[in-house]
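Student: Provide a 3D model corresponding to the input given below.
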Amino acid sequence: MFTKVSQPISSVKTWLHLVSQDQTSIRVFRFAIGVTLAVALAYGINWPLALLMPVFTALLLSMPLPMPSLQAGLRNMRYTILAFSLGLVFSLFFLQYPFAYILMLGLVLFHLYYYLNRGGSFWLTLMSIIALLLLPMLANSNEGLAMGFSFGFVLSSCLTMIMVWLAYLLVPDPQFTTFPSPPGFQKTYSTAAAQSALKSTLVIFPMASLFIIFNLTDYLLVMIFSALFILKPELSAGKEAGSNSLISTLLGGLCAMVFYWLIVAVPEYYFFITLMFLTTLFFGTNIFSCKPYSKYYGSAFLALLILVNGSMAENANFTELLAQRVLLILLATAYIIAALKILDSYWPENKIEST
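Tutor: Sure, this is the predicted structure:
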């Protein structure tokens, strides 16, 4: 009797040992466990902007990176606070002086893109762009709304680092794992970085100014998507970023539709969390595969989280949400392609090469 019982136990131990030596399996299980725990906590407590914690957790755990050190985690928290402090300064002080606001917006956007092109922190750049473009739109309606959004955003991003640390502690990398060295920051002036930053700024600055001045909140995601698609100001890169985002959204939307109808059929918290764990296992397996389509699954899972969360709101229409998101991505991609084509036709270097 004891021999029969020991056989499955031994098999489980052998399987766990094999998994612990497989770097891909470790990343898949870490992604699944970390994101599921973040979802369980976010939906269990449901503080303002709680959805951002599982979204950011999924974003960070989908990258083949080592466990962030305490210093790196605290630095990311500090970057988030700094970015939203910058956004609040623009929203509460400069917004009431339109000319000064527009001038400062262009300068700050240029320096953000220039900082990123020299090897600066992607997290700081991302948080700063979101805060800089989003908070003034909210402050146009209500200053308290902008401050409340900033608090919820910072809280969720700080909790994200705790969830990421927890995921790495529960599913650590094997000791033999090696990671590529991150590129260093270029402290000296870079002409190429400055030109790329100028291109990005010239493309996104007119759109951002018009959206904020006329308070076009219904199309806010067009501005956010455009600012992210233009991080690399090349026509091919803009097309690729737009097409990748569109494919990821459609893929995530299809999976979100199945997910949504399953939780409608069984509207229980425990079933929701179990389904989320199985879903993250499926997405994690594809994210960390070596297949060509794996690049779509990370963004597709983020789209799934956002669409499922939006469909849970009162009187929400899932099909309408998906169609709206696809339309906004198409608009952002079309704008980037058109703006870059016009800009490239008048760019000095391109005109010299053509002659």
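
Student: buried residues in stretch 250-265?
Tutor: For stretch 250-265, a neighbour-count test (16 or more other Cβ atoms under 10 Å) marks L250, L251, G252, G253, C255, A256, M257, F259, Y260, I263 as buried. For glycine as for every other residue, the C-beta is placed from the backbone atoms N, C-alpha and C.

Student: would TSV of these with pLDDT be doable?
Tutor: Shown next, in TSV, are these (pLDDT from 0 to 100):
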residue	pLDDT
L250	88
L251	91
G252	88
G253	88
C255	93
A256	90
M257	91
F259	94
Y260	90
I263	92
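
Student: For the longest helix along the chain, which helices and strands make contact with it?
Tutor: In terms of residue count, the longest helix belonging to the chain (DSSP state H) is helix 235-265. Here helix 235-265 touches helix 220-229, helix 269-287, helix 294-311, helix 318-346, going by 3 or more Cβ pairs under 8 Å, 6 or more residues apart in numbering; DSSP states H and E.

Student: would you list those in TSV and tack on mean neighbour count and mean pLDDT?
Tutor: Written out in TSV, the entries for the helices and strands packed on helix 235-265 read as follows (neighbours: other Cβ atoms under 10 Å; pLDDT from 0 to 100):
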stretch	mean neighbour count	mean pLDDT
helix 220-229	21	76
helix 269-287	18	95
helix 294-311	22	88
helix 318-346	17	82
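
Student: L61: which of those helices is closest?
Tutor: helix 269-287 (8.3 Å; Cβ to Cβ).

Student: could you give the angle of the closest one to helix 235-265?
Tutor: Calculated by axes from the mean of the first three to the mean of the last three Cα atoms, to 10 degrees, helix 269-287 forms an angle of 150 degrees with helix 235-265.

Student: Show me what helix 269-287 is packed up against.
Tutor: Going by 3+ Cβ pairs under 8 Å, 6+ apart, helix 269-287 lies up against helix 23-45, helix 235-265, helix 294-311.

Student: Distance to E320 for those - can I get that in CSV?
Tutor: Below are those laid out as CSV (distance: least, Cβ to Cβ, whole Å):
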stretch, distance to E320
helix 23-45, 23
helix 235-265, 12
helix 294-311, 10
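
Student: F99: which of these is closest?
Tutor: Of the helices and strands packed on helix 269-287, nearest to F99 by Cβ to Cβ is helix 235-265, at 30.0 Å.

Student: the inter-axis angle of the closest one versus helix 294-311?
Tutor: For helix 235-265 against helix 294-311, the angle by the same axes, to 10 degrees is 50 degrees.

Student: And helix 235-265, how far out from the chain middle?
Tutor: Once both centres are worked out by Cα atoms, centre = their mean, to the nearest Å, helix 235-265 turns out to sit 14 Å from its chain's centre.

Student: repeat for stretch 159-175
Tutor: That offset, for stretch 159-175, works out to 19 Å (Cα atoms, centre = their mean).

Student: buried set for it?
Tutor: So for stretch 159-175, counting by 16+ other Cβ under 10 Å, buried means L159, T160, M161, M163, V164, W165, A167, Y168, V171, D173.

Student: I'd like to know how far the first one sits from A146.
Tutor: Taken as Cβ to Cβ, to the nearest Å, the spacing of L159 relative to A146 amounts to 21 Å.

Student: And F277, by the same measure?
Tutor: For F277, the distance to A146 - Cβ to Cβ - is 36 Å.

Student: wait, L275 sits on V264?
Tutor: No: the pair L275 / V264 is not scored as a contact, 11.5 Å apart, by Cβ atoms under 8 Å.

Student: Spit out the contact partners of Y269.
Tutor: Y269 sits next to Y43, G44 when contact means Cβ atoms under 8 Å, 6 or more residues apart in numbering.

Student: Ignore what I typed, I meant M223.
Tutor: By Cβ under 8 Å, 6+ apart, the contact list for M223 reads L133, I204, M207, A208, F211, L216, A332.

Student: Please give the element, helix or strand, for the residue lying closest to it once chain neighbours are set aside.
Tutor: Leaving aside its sequence neighbours, M223 sits nearest to F211 (Cβ to Cβ, 6 or more residues apart in numbering; 4.8 Å). Element membership of F211, judged by DSSP states H and E, is helix 191-213.

Student: And that helix, what does it pack against?
Tutor: Using 3+ Cβ pairs under 8 Å, 6+ apart, helix 191-213 is in contact with helix 98-117, helix 122-141, helix 220-229, helix 318-346.

Student: Right, I'll leave it there.
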